[in-house]
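Student: Next comes the sequence, and after it the predicted model I'd like to discuss.
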Amino acid sequence: MKSKHHKIAMYEPLYYGRAHHIMPHEDILGREIKAVMSQLCGLLSSSISMFTSAPSSYQLQPYDRDSIGCGIKGNVVLQEDTLCSMDLTVKPAKTSSLIRSIFREDKQWKLQQIQDAINHLKIGFNMISMFEDTSNCDVDEYSKTFVIDILNNLLRCVNLSRKRLFSPCKLTLEALVSSGIVKIFSPPLPGDNIVNFYILEDCLVITHYTVQQNHAHLTKSSPTLHLEQLFHPVGSVLEHSGSLYEIATAHRSFCLIPWLSKVVSATDICLQLGNQLKEKLTLS
């Protein structure tokens, strides 16, 4: 098993040597340091525990309010970083037939964003735990350098965690076609369907596209060809098996994940507390 020190090596090194200007625990700033560090430890601990959730069902809501009479409906079951099941009903256009499909019983989908987010928070928690262990020992003094280094690395972990939730990977349509997502549905989705899932802040977002081949005006000079985006609007162009296609319909749906909302709020408070303490230490 990797040690805490090994994990910290991924970030900036921590310095344990005492500086020339030492702050005793008994002074006001010293007590504030311990209090803030304890708060940060509690916030990270509670955030990590929120990722260990029981399976919960969420109803999909339309992302685009102007899609009256068509779009995505259904519900999903999410446990931690795993989409356990999905019941999807799509009406691509007002004149289209309904498409209804569910996850195959032997298939689930891992949301790497959530796994990455919790991993960064665990690394941050290990760092803050090291400070807690040090401050509880028979050590009466610690240096500003030591505290600031811990804060810098902790803030980096929290920012990386939030970045995974706030900034999903942008993919080309070609990447979505080859992702294999459509293969986990039963009955199989029609061949002209493309589906994607991603986390955006505290929501799970589902995108659905239908494509059509159009020889009249599509060229490889299209500015949307191979373009990496979260959402590809109608008219976007993709290349598949040597042929060009365009997006005929594009819809989004989402569901709010309450425990992710709590994680976002807790990590926001972590950033505020950490930056405020870091500023005080820098100016003291």
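Tutor: Good, I have the coordinates. Numbering: from 1, shown residues only.

Student: So residue 273 belongs to a helix, correct?
Tutor: Yes: counting by DSSP: H, G, I helix; E, B strand; the rest coil, residue 273 is part of a helix.

Student: wait, it sits on residue 40?
Tutor: Yes: here residue 273 reaches residue 40: they are 6.0 Å apart, a contact under C-beta atoms under 8 Å. Where you see a C-beta, it was placed from the backbone N, CA and C, and this is true even at glycine.

Student: Could I get the phi/psi values of residue 202?
Tutor: Residue 202 has phi and psi values of phi -120, psi 30 when expressed as degrees, to the nearest 10.

Student: returning to that earlier point: higher neighbour count, residue 273 and residue 40?
Tutor: Neighbour count, other C-beta atoms under 10 Å: between residue 273 and residue 40, residue 40 has more, with 27 against 18.

Student: in what helix or strand does the more buried one lie?
Tutor: Using DSSP states H and E, the element containing residue 40 is helix 28-50.

Student: Please read off the pLDDT at residue 241 from the model.
Tutor: pLDDT recorded at residue 241 is 85.

Student: Need phi/psi at it.
Tutor: phi 50, psi 40.

Student: what number of residues lie near it?
Tutor: When neighbours are counted by other C-beta under 10 Å, residue 241 registers 6.

Student: coming back round to it: ok, the helix or strand following the helix holding residue 40: who's next to it in the sheet?
Tutor: For helix 28-50, the following helix or strand on the C-terminal side (DSSP H and E) is strand 56-59. Note on strand 56-59: by DSSP bridges, its sheet partners are strand 71-79 (antiparallel).

Student: list the buried ones in the strand it pairs with?
Tutor: Within strand 71-79, the residues that count as buried by 16 or more other C-beta atoms under 10 Å are 71, 72, 73, 74, 76, 77, 78.

Student: show me the contacts for the fifth one.
Tutor: With contacts defined as C-beta atoms under 8 Å, 6 or more residues apart in numbering, residue 76 is in contact with 57, 58, 60, 83, 85, 86, 87, 204, 206, 255.

Student: which residues touch the helix holding residue 40?
Tutor: For helix 28-50, the surrounding residues in contact (C-beta under 8 Å, 6+ apart) are 23-25, 118, 121-122, 124-125, 128-129, 131-132, 135, 147, 150, 154, 158, 259-260, 262-263, 266-267, 269-270, 273-274, 276-277, 280-281, 284.

Student: rewinding a little: format the buried residues of strand 71-79 as TSV; extra columns: pLDDT.
Tutor: What follows is these, written out as TSV (pLDDT from 0 to 100):
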residue	pLDDT
71	91
72	93
73	93
74	95
76	97
77	96
78	96
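
Student: Inside strands: which ones of the contacts of residue 76?
Tutor: 57, 58, 83, 85, 86, 87, 204, 206, 255 (DSSP state E).

Student: The first one touches residue 79, doesn't it?
Tutor: No: assessed by C-beta under 8 Å, residue 57 is found out of contact with residue 79, at 10.4 Å.

Student: neighbouring strands for the one helix or strand residue 253 maps to, and are they parallel or not?
Tutor: When secondary structure is defined by DSSP H and E, residue 253 falls within strand 243-256. Applying DSSP bridges, strand 243-256 is found paired with strand 61-62 (antiparallel), strand 203-213 (antiparallel), strand 237-240 (antiparallel).

Student: Mind listing what's buried along the second one?
Tutor: Which is strand 203-213. For strand 203-213, a neighbour-count test (16+ other C-beta under 10 Å) marks 203, 204, 205, 206, 207, 208, 209, 210, 211 as buried.

Student: What count of nearby residues applies to residue 186?
Tutor: Around residue 186 there are 13 other residues, counting by other C-beta under 10 Å.

Student: I meant to write residue 104 there.
Tutor: When neighbours are defined as other C-beta under 10 Å, residue 104 has 14 of them.
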